[in-house]
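Q: 3D model of this:
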Amino acid sequence: MKADQFLIDADKKAFDLEHRRKIRFNIGKYDAAVTLGMQHYANHDLARARGAYLKAQVLEKLDEYLLQFEAAFTARGGRVVWANTTEEALAEIGRLTEARHTRTVVKAKSMTTEEIHVNQYLKSRGVESVETDLGEYIVQLNGERPYHIVTPAMHLSKADINNIFVKHLGTESTDDAQALVLTARHLLRDKYTAAEVGITGGNFLLAKEGAVAVTENEGNARLSATFPGLHIAVVGIEKIIPQLTDLDLFWPLLSTSGTGQQVTVYNTVYFGPRQPGETDGPTEMVVILLDNGRTNLLARPDRREALRCIRCGACLNVCPVYKNIGGHTYETTYSGPIGSVISPHLSGLKEHQHLSFASSLCGACTSVCPVRINLHNLLLLNRQESVSEGHNNATEKVAIGLWRWSMRHRWALDVLPGRLKDFSLGYLLDQAGWRKRRESLKVADKSFRELWQASH
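A: Numbers count the residues shown, from 1 in each chain. Have a look, this model is predicted:
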């Protein structure tokens, strides 16, 4: 079961001192940058409130905004594909690549393509799919999934990256970070010009203008969308915002919360394929609007706010659980607090219900969310639903049942001897893993009521 493997992996990572050193170092740099970046806001809470309100308003009329986007985008020669599931999205990508006899695809950093496993699908069809974001390229070389929503290779040090390049690319060993970056750049440049198809995600969909907004720091998305003849953008349906001018709110919120920047280095808005008189850009552009379980959340008014997420990664960076067990332990596309909230609804509650229990409920994630998602409350709602549907294990059910009975029959706690209480409590603690690294709890021989009566 995934829950059992999660506990094993979490235990291993939590006590891996080298892993914790790397994560604390890298997240520490982010924390410092974000703290500095927030100083550029005159009223950050007001910006968060506006962002939350605007996204909430859009979700209430999501169908209307998506249809508006489709009409405007297709009017300029683009094509929109509605994909209800992973299979539908991949089938369309398969048809598009096959029609162009595609041998190479260049792919910009995109969580939606990770969600539907585009790379694995294309590989099974004999098509090379190359990640062009440096972090994504590194983890792809190493056969790993992204570790973090924003920083895929956050768990790797400079020495780790050098070893990966030496092993998979046959480069000379170096501790020069610039040399490592240049190595990847030289290898990827030829891929852009050779690829028949480029794939990106989309940070925002602009309903009024019918456009896809992509934000990045390396420029790889621009190259992936410009050189190939076909540009495919795979975007979740929840990424819609009303119009172009709303980017002045959302682009800074995204960049400052995620990396501490006032705005990211490259911000591009794609309005469709190359138009008459234009000198560059793809001859064909297709936007795949991905549902893949998102309407499950949309249909739940008490959970709908999770779809406001703009994927900044801020909640991961402050989460004490994430910082100790790391991104790979979650075994999901979206890790950390937001992943624990949405994964049970995107991929099945029974399979992922344990993630909502992997939280201290400290509320740090909620306090930093740029669109004010009440993440800790949503985690509690997931827990409640998991228990009501009977997904908790037998030991937990028995323990809660006994506790409930004993609270309703207080006299029983006086009747049972301390040694029996110790045995029962010890068994439950073993099941929870408490005594693996802690001393066992010992119940007093006499209850508080007995001690109270004896002293009066």
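
Q: what is the mean pLDDT for stretch 189-197?
A: Averaged over stretch 189-197, pLDDT sits at 93.

Q: swap that for stretch 297-307, sorry
A: Confidence for stretch 297-307, expressed as mean pLDDT, is 96.

Q: in it, what's buried?
A: Neighbour counts over stretch 297-307 (16 or more other C-beta atoms under 10 Å) mark 297-298, 300, 303-307 as buried. C-beta here means a position set from N, CA and C on the backbone, and glycine is covered the same way.

Q: which stretches of the stretch 351-456 of the chain have low pLDDT?
A: Within the stretch 351-456 of the chain, the stretches with pLDDT under 70 are 431-432.

Q: ok, 80 please
A: Within the stretch 351-456 of the chain, the segments meeting pLDDT under 80 span 392-396, 398-399, 402-403, 406, 410-450.

Q: which stretches of the stretch 251-400 of the chain form strands?
A: Remark: strands assigned in the stretch 251-400 of the chain by DSSP state E, counting those that start in this stretch are 266-270, 284-290.

Q: What is the least confident helix or strand in this protein?
A: Ranking every helix and strand in the chain by mean pLDDT, DSSP states H and E puts helix 418-432 at the bottom, with a mean of 73.

Q: tell me how far that helix is from the chain's mean position?
A: 38 Å (C-alpha atoms, centre = their mean, to the nearest Å).

Q: Show me the contact partners of that helix.
A: Contact with helix 418-432 is made by 395, 399, 402, 413, 435, 440-446, as judged by C-beta atoms under 8 Å, 6 or more residues apart in numbering.

Q: switch the cut-off to 6 Å
A: If you take C-beta atoms under 6 Å, 6 or more residues apart in numbering as the criterion, helix 418-432 is touched by 395, 399, 435, 440-441, 443, 445.

Q: and I240, what are its phi and psi?
A: I240 adopts backbone torsions of phi -70, psi 140, taken as degrees, to the nearest 10.

Q: wait, doesn't it sit right on L206?
A: No. The pair I240 and L206 fails to qualify as a contact (C-beta atoms under 6 Å) at a distance of 8.0 Å.

Q: Among the two, which residue is more densely surrounded?
A: L206 (27 against 23; other C-beta atoms under 10 Å).

Q: circling back: buried residues in the least confident helix or strand of the chain, which are they?
A: 421-422, 425-426, 428.

Q: and stretch 182-190, how far out from the chain's middle?
A: A distance of 27 Å separates the C-alpha centroid of stretch 182-190 from that of its chain, computed with C-alpha atoms, centre = their mean.

Q: Could you export that stretch as CSV, CA atoms only?
A: Coordinates of each C-alpha in stretch 182-190 appear next as CSV, following Å, rounded to 0.1, in the frame of the first residue of the first chain:
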residue,chain,number,x,y,z
LEU,A,182,27.1,25.6,-19.9
THR,A,183,27.3,21.9,-20.5
ALA,A,184,23.6,21.5,-20.3
ARG,A,185,23.1,24.6,-22.5
HIS,A,186,25.3,23.4,-25.3
LEU,A,187,23.6,20.0,-25.3
LEU,A,188,20.1,21.5,-25.4
ARG,A,189,20.7,24.1,-28.1
ASP,A,190,20.7,21.6,-30.9
